[in-house]
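Visitor: Dropping a prediction and its sequence here:
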Amino acid sequence: MVSLGFIQMRQFPFAFFLTLLTVACAGGPPIDTNAEIVPGYTADMTMTVGDHTSSARIMSKGEKFRMELQRGRKSSVMIVRYDLDKLWVLIPSAARYTEFPLDSLGMQFPHFFMPGLKIEKEKAGHDRIGSIAATKYRARVRMCGRTYEGFLWEAKVLPGYPLQWEDEKRRTVVRWRKGRITALSDTLFAIPDGFTELPSSMRKVDGRENRCRKQGLRNQGP
């Protein structure tokens with residue numbers, strides 16, 4: 001949901017989804033791809049793994065995902081293009097970017113904004129997350145040969161989009177706040193003009209990038 005999760009790589013100093021998300025990640029009601037306007041979604045995301053917490057701003061639109069991180073004076077952006085099987089990490093201060101294989105995304109938690117992700121949900125009751133009325137579910141997510149089990153909350157005013165995810169086994173808690181549906185420009189999910197590529201040392205294998213998305217989602221896992 002960006003693993004949309006968060007990226008795990010030596011070249012990049014942060015632990016990312018989404019995620020793509022995030023992200024990670026499938027969330028959200030079905031989108032009419034024939035419609036002229038594809039709705040976008042934005043939220044502030046906080047992920048805690050063990051004793052470490054990271055925060056980011058996420059944006060999602062169809063098969064596009066963007067995550068923005070700010071650490072002191074340094075900012076970084078991750079763009080996941082599921083439609084192109086591409087993953088870019090941007091360093092705005094240097095006007096540089098690096099392309100990585102899509103399966104460089106970490107697997108600490110499900111990529112909740114990955115198109116086509118299937119989530120099995122069983123209602124566990126009604127709850128409040130802060131001041132937000134929510135529905136709580138016992139959830140099982142199968143992604144890329146892995147099975148994730150935990151509790152998933154969705155805001156009653158925004159069903160189909162994640163509000164909070166807790167996985168006790170992996171000591172992971174992910175929260176999405178200030179979530180809203182809004183119009184987003186496609187330029188947010190593209191490499192800005194004037195940016196130059198900083199080559200990655202990670203080996204790219206033909207077809208490897210989309211293996212998880214096209215095959216792993218159907219893998220029932222252990």
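Guide: Great, that's in hand.

Visitor: and the end-to-end length of stretch 139-147?
Guide: One end of stretch 139-147 sits 10 Å from the other (CA to CA, to the nearest Å).

Visitor: ok now it, how far from the chain's centre?
Guide: In terms of CA atoms, centre = their mean, to the nearest Å, the centre of stretch 139-147 is found 15 Å from the chain centre.

Visitor: Please spell out which residues along it are buried.
Guide: Across stretch 139-147, burial judged by 16 or more other CB atoms under 10 Å covers 139-144. All C-beta spots, glycine's among them, are computed from the backbone N, C-alpha and C.

Visitor: Next: stretch 49-57.
Guide: Residues of stretch 49-57 classed as buried: 49, 56 (neighbour count, 16+ other CB under 10 Å).

Visitor: How far off centre is it?
Guide: Averaged over its C-alpha atoms, stretch 49-57 has a centre that lies 14 Å from its chain's centre (CA atoms, centre = their mean).

Visitor: Distance check, the closest residue to Asp83 other than its chain neighbours against Asp186.
Guide: If the residues on either side of it in the chain are set aside, Asp83 comes closest to Glu63, at 3.9 Å by CB to CB, 6 or more residues apart in numbering. Applying CB to CB, to the nearest Å, the value for Glu63 to Asp186 is 11 Å.

Visitor: cool, His52 as well?
Guide: Between His52 and Asp186 the distance is 33 Å, computed by CB to CB.

Visitor: Check Arg142 too.
Guide: Note on Arg142: its distance to Asp186, by CB to CB, is 31 Å.
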